[in-house]
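> Got a predicted structure plus its sequence, pasted below:
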Protein chains: 2
Amino acid sequence: MAELLRVQGYGATGVKQVAAAAQAPIGSIYHHFPGGKREIAAAVLRTTGAAYIQLVPLLLDPYDDLVAGVGAFFEAAADDMENTGWANMCPVGTVTGEVADSEPGIRAVAAEVIGSWVDDASAYLVGRGVADPDARAVVFAMLGSLEGAFILSRGLRSSEPLRAAGRAMAAYVATVPQGAPARS
Amino acid sequence: MAELLRVQGYGATGVKQVAAAAQAPIGSIYHHFPGGKREIAAAVLRTTGAAYIQLVPLLLDPYDDLVAGVGAFFEAAADDMENTGWANMCPVGTVTGEVADSEPGIRAVAAEVIGSWVDDASAYLVGRGVADPDARAVVFAMLGSLEGAFILSRGLRSSEPLRAAGRAMAAYVATVPQGAPARS
């Protein structure tokens, strides 16, 4: 269902389609996910969320200069979008935007995923020498900027919004006090 | 349909619901919008888009200091979200995120709306003394940051993402060269 959520969203996706995509009988889907579409979507958001947060150290560790790392993070996302023909980089963001007011259970799962991203990424930034609560504010600003730029870039079929977001976030992070990294 | 798109997105909304919400016979809906759901959604995005762009001068004109205005813009949005119980502030953003890969006609309309926002807001910033291409980059960064923070704030039921986005954008805009305002 991950690919269906990514491409067409929650409302347009049915369990029949999920079964067809998984090449599984629909009864088997309901056996594993008695809650049907809602339960499958929740599982997808949790799995996707756990995978995505690993990108933070992966993309930022190579940069001793955090500001350069932040800029490169957005540039990498912009390159990825161009190279994939404007793929939806974050179904967690788009599904949250779609169902936050109509599917309270899925909204709660999205909140859990986003909350864990913020906790993990803030801890990472603290390890890079950004003090709390600045670290948490930086994470919220970067995550929001990234999610919004994904939507604009997909809508416009242009990486300009993502690249502008990266330059803005780098300029902002450069204004945030940063001590010596805690990591060895 | 604007309210349905705002609350439950494009995929979950049907013409029957639109007719019921408008207290109109479904035949009358199809008479005015022979293209059905797609055509209605396109009209909603265009109308919403034209209304929203008027908020830029309305919210920024009172501030001689553009940096203070940018911060206040996001604070006003955060207050609005809290006061409305986390209403979806921008169906253009959420519908774009939902259908950019599955509804090419609606994506094209969204691109037209977003493009006109960027043109109009960039011209406004040029009038405030921000030179192009900086003005366009600032608009992309602010719009992306706003759209993403809307989603995070709705998902988390918290204004923290929007307020963090506002502080980040103010810090970024403070780094952008700004000449004397062109307006009288």
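Structure's in. What do you need?

> show me the contacts for residue A:128.
A:60, A:66, A:178, A:181, A:182, A:183 (C-beta atoms under 8 Å, 6 or more residues apart in numbering or on different chains). The way it works is simple: take the backbone N, C-alpha and C, and place the C-beta from them, glycine included.

> hmm, I was thinking of residue A:28
residue A:19.

> May I see the contacts of residue A:128 organised as CSV, with secondary structure, distance to chain B and pLDDT added?
CSV is the format used below for these (DSSP: H, G, I helix; E, B strand; the rest coil; distance: C-beta to the nearest C-beta, whole Å; pLDDT from 0 to 100):
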residue, secondary structure, distance to chain B, pLDDT
A:60, helix, 17, 97
A:66, helix, 14, 97
A:178, strand, 14, 93
A:181, coil, 22, 83
A:182, coil, 22, 71
A:183, coil, 24, 57
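
> Please identify which pair of those lies farthest apart.
Comparing all pairs in the contacts of residue A:128 by C-beta to C-beta, the longest separation belongs to A:60 and A:182, at 14.3 Å.

> Low-confidence stretches in chain A?
In the predicted model of chain A, residues A:183-184 satisfy pLDDT under 70.

> Let me see the ranges of the helices in it.
Using DSSP state H, the helices assigned to chain A run over residues A:2-8, A:15-21, A:26-32, A:36-52, A:55-60, A:66-83, A:91-99, A:104-127, A:134-156, A:160-173.

> most neighbours per residue, which of those helices?
Of all these, helix A:91-99 carries the top mean neighbour count, a mean of 28, counting by mean count of other C-beta atoms under 10 Å in any protein chain shown.

> Contacts made by that one with the rest, please.
Contacts of helix A:91-99 from elsewhere in the structure, counted by C-beta under 8 Å, 6+ apart, are A:2, A:5-6, A:9-11, A:41, A:44-45, A:48-49, A:52, A:88, A:106-107, A:110, A:113-114, A:147, A:150-151, B:8-9, B:11-12, B:88, B:93-94, B:97-98, B:148, B:150-152, B:154-155.

> mind running it again at 7 Å?
Helix A:91-99 is touched from outside by A:2, A:5-6, A:9-11, A:41, A:45, A:48-49, A:88, A:106-107, A:110, A:113, A:147, A:150, B:9, B:93-94, B:97-98, B:151, B:154-155, with contacts defined as C-beta atoms under 7 Å, 6 or more residues apart in numbering or on different chains.

> Can you report how many residues lie near the residue in chain A positioned nearest to chain B?
Closest approach of chain A to chain B (C-beta to the nearest C-beta) occurs at residue A:11, with a separation of 2.5 Å. In terms of burial, residue A:11 registers 20 neighbours under the definition other C-beta atoms under 10 Å in any protein chain shown.

> ok, the nearest residue to it once chain neighbours are set aside - contacts?
With sequence-adjacent residues excluded and distances taken as C-beta to C-beta, 6 or more residues apart in numbering or on different chains, residue A:11 is closest to residue B:11, at 2.5 Å. By C-beta under 7 Å, 6+ apart, the residues touching residue B:11 are A:8, A:9, A:10, A:11, A:12, B:98.
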